[in-house]
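In: return atomic coordinates for the entry below.
(one chain, ligands or ions: 1)
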Amino acid sequence: MAKTALITGGSQGIGAAIARRLADDGMNVAINCLDEYNRDTHGEAVAAECRQRGVEAECFIADVSVHAQCDEMIKAIKERFGSLDVVVNNAGITADGLLVRMKEEQYDKVIAVNQKSVFNICKFAGAVMMRQRSGRIINVSSVAGLYGNPGQFNYSASKAAIVGMTLTAAKELGPRGITVNAVAPGFIKSAMTDVLSDELKEKILAQIPLGHFGQVEDIANTVSFLASENASYITGQVIVIDGGMMM
Ligand code: NAD
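Out: Okay, the predicted model is just below:
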């Protein structure tokens with residue numbers, strides 16, 4: 001039976017690339033979309049691309065920062081596909097600003113979407129996987145969570161927390177045959193980074209030994225590996241994918 005993968009924030013950017021890649025790997029794909037607008041403008045096209053690869057694919061609406069919506073979504077995916085084998089916690093936002101000027105809402109929103117979402121999804125998906133006695137959870141952190149980044153106090157906090165969550169979930173869920181790992185991208189070309197100024201992009205580029213920004217497929221390929229049989233003895237790891245930027 002084909003495996004089923006959930007990708008949060010799977011309607012564009014890195015999440016959409018992961019959805020296509022896992023579909024290439026033969027998995028049925030549940031694409032989480034924030035709302036109906038996001039589903040209609042982006043999600044459905046990604047689902048169609050996945051179906052063209054010969055698997056089943058469907059969009060599931062949920063704001064992953066909302067506990068109850070995640071519960072409902074995981075139930076709906078299990079009902080639709082029969083199992084939930086791979087979960088990629090990819091949904092994320094930025095709301096950059098210097099620490100001393102950062103508004104409370106700016107902090108709370110980023111923590112809710114980037115960090116609490118991982119709790120929400122790991123809790124409900126973890127329960128399904130524990131009953132199955134198998135599963136793969138892959139969390140999308142960031143080099144900002146490992147090394148810090150000026151202007152991203154909120155984002156760095158959320159992405160560092162994801163590392164602790166990954167390690168704890170790996171220890172709790174490992175005995176039930178579930179692996180939990182994280183990827184920490186550096187600078188990847190997507191809507192999230194397109195908004196940065198050319199000046200900042202040039203500065204960042206100068207720090208990347210491989211001499212170019214990452215592509216969304218670079219992250220999708222590593223997620224594919226972590227979700228595969230080849231990675232069955234890897235758990236509790238954080239894989240940095242940054243072209244050597246932070247070494
Ligand atoms: P993106 O802005 O293109 O995609 C983010 C996705 O998250 C979108 O599909 C959006 O709809 C979804 N999303 C936002 N809030 C949501 C919510 N409350 N509920 C459900 N979905 C929600 O950005 P991206 O670059 O593709 O980022 C994907 C992940 O990779 C994020 O977690 C981001 O922090 C991480 N990341 C990106 C980079 C980079 O350089 N692009 C670097 C490090 C980490």
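
In: number of residues surrounding Leu200?
Out: Applying other C-beta atoms under 10 Å, we find 12 residues neighbouring Leu200. Every C-beta, even on glycine, is put in place using the N, C-alpha and C of the backbone.

In: helix or strand for it, which one?
Out: Element membership of Leu200, judged by DSSP states H and E, is helix 198-205.

In: output the longest strand belonging to this protein.
Out: Counting by DSSP state E, the longest strand found in the chain is strand 178-185.

In: that one: partners in the sheet, and parallel or antiparallel?
Out: Take DSSP bridges as the rule and strand 178-185 pairs in its sheet with strand 135-140 (parallel), strand 238-241 (parallel).

In: contacts for the helix or strand that contains Asp71 next, please.
Out: Assigned by DSSP H and E, Asp71 belongs to helix 67-81. Residues outside helix 67-81 that contact it (C-beta atoms under 8 Å, 6 or more residues apart in numbering) are 4, 6, 28, 30, 32, 56, 58, 60-64, 84, 116-117, 120-121, 123-125, 128.

In: just the residues you listed: which are in helices?
Out: Those of the contacts of helix 67-81 mapping onto helices are Ser117, Asn120, Ile121, Lys123, Phe124, Ala125, Val128, per DSSP state H.

In: show me what contacts the most centrally placed residue in the chain?
Out: Centroid-nearest residue in the chain: Asn90, 1.6 Å away (criterion: C-alpha atoms, centre = their mean). Contacts here follow C-beta under 8 Å, 6+ apart; on that basis Asn90 touches Ile7, Thr8, Gly9, Gly10, Ile14, Gly15, Ile18, Val140.

In: closest to Gln215 among these?
Out: Ile14 (9.6 Å; C-beta to C-beta).

In: pretty sure that closest one sits against Ile219.
Out: Yes. Here Ile14 reaches Ile219: they are 4.9 Å apart, a contact under C-beta atoms under 8 Å.

In: okay, and the common contacts of the two?
Out: Counting by C-beta under 8 Å, 6+ apart, the residues touching both Ile14 and Ile219 are Val140, Pro185, Ile188.

In: report the separation between Thr193 and the ligand.
Out: According to C-beta to the nearest ligand atom, to the nearest Å, Thr193 stands 4 Å off from the ligand.

In: hmm, the helix holding Asp71 in reach of the ligand?
Out: No. With C-beta under 6 Å from any ligand atom as the criterion, the ligand is not reached by helix 67-81; the gap is at least 8.4 Å.

In: C-terminal to that helix, which secondary structure element comes first?
Out: strand 86-89.

In: re the thing from before, please list which of the contacts of helix 67-81 are also close to the ligand.
Out: Within these, those near the ligand by C-beta under 6 Å from any ligand atom are Asn32, Asp63, Val64.

In: among those residues, which are in strands?
Out: Short answer: those in strands (DSSP E) are Asn32.

In: could the ones next to the ligand among the contacts of helix 67-81 go into a markdown table alongside neighbour count?
Out: What follows is these, written out as a markdown table (neighbours: other C-beta atoms under 10 Å):
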| residue | neighbour count |
| --- | --- |
| Asn32 | 32 |
| Asp63 | 18 |
| Val64 | 24 |
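
In: great, nothing more from me.
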